[in-house]
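>>> Show me the folded form of this:
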Amino acid sequence: MSSGAEPPTFPSRPPRIVLGVTGGIAAYKAAELLRELTRRGAKVRVTMSRGAREFVTPLTFASLSGHPVFVEIWGDRNEPAVDHVKLAQWADLLLVAPATAHTLAKFAHGLADDFLSTYFLCHRGAVLLAPAMETGMWESPAVGANREVLLGRGARFLGPATGPLASGGEGVGRMAEPQAIADEAFRILDPGRRDLEGLRVLVTAGPTRERVDPIRFLSNRSSGKMGYALAQAARDRGAAVTLLSGPVGLPRPDGMRFFPFETAADLHGLLIREFPESDVLAMAAAVADFIPEESSSRMHREGGVRSLTLRPGDDLLASLKPLKRSQTVIAFGAETDDFERRGRRKLEAKGADLIVVNDVGRSDVGFDADENEVLLLTRSGETERIPRQSKREIADRIWDVLGRVRPLAATPSATR
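Predicted coordinates:
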């Protein structure tokens, strides 16, 4: 399923990938994935679980890769079983496709009962997992918990996709297509875009909803697109990302921890929990400035015109100042005029290192648009205007500026 794109070039040597194939019907697609990886210039070694060999033979992968397939820790050779150690010293990326529920559980809990799971414990490079299983399995609390554990340790996930399943039904659980997996693998391996590797990045996105009565709420026009672009760009540049998302109409991104919120109070609770363990916070969520007094019963029009009682909402970013040690904080400001003066005032009030000021008085950029035009202000006094471009391009520019801002703060892990 070749894209026809020219294989990338690498400055010193081809990327080295260990392809782990586990026991699901999607194992046959792993052969196509292997061909795509090698076509793009990667050196690939394959390991198969016992279950995978029920669907595809090791000979298939040996023929396509040109190398023996690792299947057992204990072979017939009368020599030490250290192949998993040597392979871990060789590899840049462990790519498991398909990754079954059983494999995710073994990885999450450190079990080592076959070559692949033993190798996983030795591997020190990047990890990309492409799950494949029935919908009920993927949505089970146990699989979800294992996924969160692995994401928290830096593993990336791609998929699963939605479509026809082996059971004959339809739903989420299909392995991502080989070309998409290869694309993601090479994004991870791109040596020019790993400048955020080792950083734990916390991103908030989208609006809050503050309930007025059981069926109504106050919210704002935030689409979450800027925050999602920041999270995805940070992931692609090597960061371990946690995304806190308000109610938006965007698909949940792969390769990061994800926690939803609805109200400002919900978000505050998540921030109190996640911020101390983060290196960088990008506060792109549009949090309510005013909170309505909630009615426990529905308001009916027959009752006539009613007024809403509003109170000022808490400044969530300012509330984190006592918890800030050496984290880098990126604030966002939504303004209609006097951008630099208001931005610098917010920068100080919120204890941020960098603020991104949006012009929300325009309909062609900012809220609910695919493009943005922003003003960046740093604590050290720098000012940079970023002209209109896609939010993903804006996100990458913000992370570029982080490289100048970040040295102002030490890595939190060094002070713990």
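
>>> For residue 121, give me phi and psi.
Dihedral angles of residue 121 (phi, psi; degrees, to the nearest 10) stand at phi -70, psi -30.

>>> Report the secondary structure state of the residue lying closest to it once chain neighbours are set aside.
Spatial nearest neighbour of residue 121, excluding adjacent residues (CB to CB, 6 or more residues apart in numbering): residue 112 at 5.6 Å. For the C-beta atoms, the positions are set from N, CA and C on the backbone; glycine is no exception. Here residue 112 is recorded as coil under DSSP: H, G, I helix; E, B strand; the rest coil.

>>> residues in contact with residue 112?
Listed by CB atoms under 8 Å, 6 or more residues apart in numbering, the contact partners of residue 112 are 106, 118, 120-121.

>>> Buried by neighbour count, from those: which ones?
106, 118, 120 (16 or more other CB atoms under 10 Å).

>>> Could you give me the buried positions within the strand or helix carrying the first one?
Using DSSP states H and E, the secondary-structure element containing residue 106 is helix 101-109. Within helix 101-109, the residues scored as buried using 16+ other CB under 10 Å are 101-108.

>>> what's that helix packed up against?
Helix 101-109 is packed against helix 115-122, strand 126-131, helix 141-152, with contacts defined by 3 or more CB pairs under 8 Å, 6 or more residues apart in numbering; DSSP states H and E.

>>> go again using 7 Å as the cut-off
helix 115-122, helix 141-152 (3 or more CB pairs under 7 Å, 6 or more residues apart in numbering; DSSP states H and E).

>>> Would you mind putting those helices into CSV with mean pLDDT and distance to residue 348 alongside?
CSV is the format used below for these (pLDDT from 0 to 100; distance: least, CB to CB, whole Å):
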stretch, mean pLDDT, distance to residue 348
helix 115-122, 92, 47
helix 141-152, 90, 33
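
>>> Most tightly packed of those?
helix 115-122 (a mean of 21; mean count of other CB atoms under 10 Å).

>>> So which elements touch that one?
Going by 3+ CB pairs under 7 Å, 6+ apart, helix 115-122 lies up against strand 43-48, helix 83-90, helix 101-109.

>>> Now the last one - C-alpha only, CSV.
Only the C-alpha atoms of helix 101-109 are listed here, as CSV (Å, rounded to 0.1, in the frame of the first residue of the first chain):
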residue,chain,number,x,y,z
ALA,A,101,-5.0,-7.0,24.6
HIS,A,102,-2.9,-9.8,26.0
THR,A,103,0.3,-8.1,24.8
LEU,A,104,-0.7,-4.7,26.2
ALA,A,105,-1.3,-6.3,29.6
LYS,A,106,2.1,-8.1,29.6
PHE,A,107,3.8,-4.8,28.6
ALA,A,108,2.0,-2.8,31.2
HIS,A,109,2.7,-5.3,34.1
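
>>> distance between that helix and the chain's centre?
20 Å (CA atoms, centre = their mean, to the nearest Å).

>>> mean confidence for stretch 315-331?
Stretch 315-331 carries an average pLDDT of 90.

>>> neighbouring contacts of it?
Stretch 315-331 is contacted from outside by 264, 267-268, 271, 275-276, 278-283, 287, 346-347, 349-356, 398, 402, 405-406, 409-412, 415, using CB atoms under 7 Å, 6 or more residues apart in numbering.

>>> Which one of the buried residues of helix 101-109 is nearest to residue 38?
Nearest to residue 38 out of those is residue 103 (CB to CB; 23.0 Å).

>>> quick one: contacts for residue 295?
By CB under 7 Å, 6+ apart, the contact list for residue 295 reads 212-213.

>>> repeat for residue 95
Residues near residue 95 by CB under 7 Å, 6+ apart: 17, 19-20, 128, 185.

>>> Mind telling me what element it is part of?
Using DSSP H and E, the element containing residue 95 is strand 93-99.

>>> Figure out how far that strand is from the centre of its chain.
Computed by CA atoms, centre = their mean, the chain-centroid distance of strand 93-99 equals 17 Å.

>>> out of the contacts of residue 112, who's nearest residue 144?
For the contacts of residue 112, the nearest to residue 144 is residue 106 (16.2 Å; CB to CB).

>>> Quick check: mean pLDDT of the helix holding residue 106?
Helix 101-109 shows a mean pLDDT of 95.

>>> ok and the strand holding residue 95 relative to strand 126-131, angle-wise?
Per axes from the mean of the first three to the mean of the last three CA atoms, to 10 degrees, the angle that strand 93-99 makes with strand 126-131 is 10 degrees.

>>> ok, residue 388 to residue 372 distance?
As judged by CB to CB, to the nearest Å, residue 388 and residue 372 stand 7 Å apart.

>>> and these two? which has more neighbours close in?
residue 372 (26 against 14; other CB atoms under 10 Å).

>>> how long is stretch 163-179 from one end to the other?
Stretch 163-179 has an end-to-end distance of 17 Å (CA to CA, to the nearest Å).
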